[in-house]
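Novice: kindly return the folded structure for what I paste below:
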Amino acid sequence: VQLVESGGGLVQPGGSLRLSCVASGFTFSSYAMRWYRQAPGKERELVAVMSGDGGSTNYADSVKGRFTISRDNGKKTVYLQMNSLKPGDTAVYYCSANVRVLVGRRDYWGQGTQVTVSS
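Specialist: Predicted structure coming up:
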């Protein structure tokens, strides 16, 4: 299993970014995908989750109405569109999947992509 994020960067408050996460090594369409973030000195926070078929989503209250999670199962890619960014959104963003393995399930993580919101 491999998850590779991209799309982070430096953006001014009020700006937008779109993160991507390309998955491989598992049946992508069968699994919910999650975006997390971790700011310096803080615990990792679940930002958004989307079901395998894309029919169900859930967001942290702090990003509702500003962030949108989507996926393209043909491309094995999950996206996070981030609008109206605030300095408080500054963090390393990770995508994650909880994948069935030989015995039980395991969480897999990408390497993370840095998002910095600053003027």
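
Novice: find the centremost residue of the chain, please.
Specialist: By C-alpha atoms, centre = their mean, the chain has its centre lying nearest to W35, at 2.5 Å.

Novice: what residues does that residue make contact with?
Specialist: Taking C-beta atoms under 8 Å, 6 or more residues apart in numbering, we find W35 in contact with 19, 21, 46-49, 69, 78, 80, 93-96. The way it works is simple: take the backbone N, C-alpha and C, and place the C-beta from them, glycine included.

Novice: make a PyMOL selection of whichever of those residues turn out to be buried.
Specialist: Here is the PyMOL command that selects the buried residues among the contacts of W35 (16 or more other C-beta atoms under 10 Å):
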select buried, resi 19+21+47+48+49+69+78+80+93+94+95+96
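
Novice: which of the contacts of W35 sits closest to G7?
Specialist: Proximity of the contacts of W35 to G7 (C-beta to C-beta) peaks at L19, which lies at 4.2 Å.

Novice: I'd like the distance between that closest one and T68.
Specialist: From L19 across to T68, the span is 11 Å (C-beta to C-beta, to the nearest Å).

Novice: what is in contact with the two at once?
Specialist: Residues touching both L19 and T68 (C-beta under 8 Å, 6+ apart) are L80.

Novice: so what's V78 up against?
Specialist: Contacts for V78 (C-beta under 8 Å, 6+ apart) come out as 20-21, 23, 33, 35, 50, 69-71, 95.

Novice: partner strands of the host helix or strand of it and their direction?
Specialist: Per DSSP states H and E, V78 falls inside strand 77-82. Counting by DSSP bridges, the strands paired with strand 77-82 are strand 17-24 (antiparallel), strand 67-72 (antiparallel).

Novice: and of those strands, who's closest to T116?
Specialist: With respect to T116, and counting by C-beta to C-beta, the nearest of those is strand 17-24 at 9.9 Å.

Novice: list the buried residues of the closest one.
Specialist: Within strand 17-24, the residues scored as buried using 16+ other C-beta under 10 Å are 17, 19-23.

Novice: determine which of the strands paired with strand 77-82 approaches R105 most closely.
Specialist: Using C-beta to C-beta, these put strand 17-24 closest to R105, at 15.6 Å.
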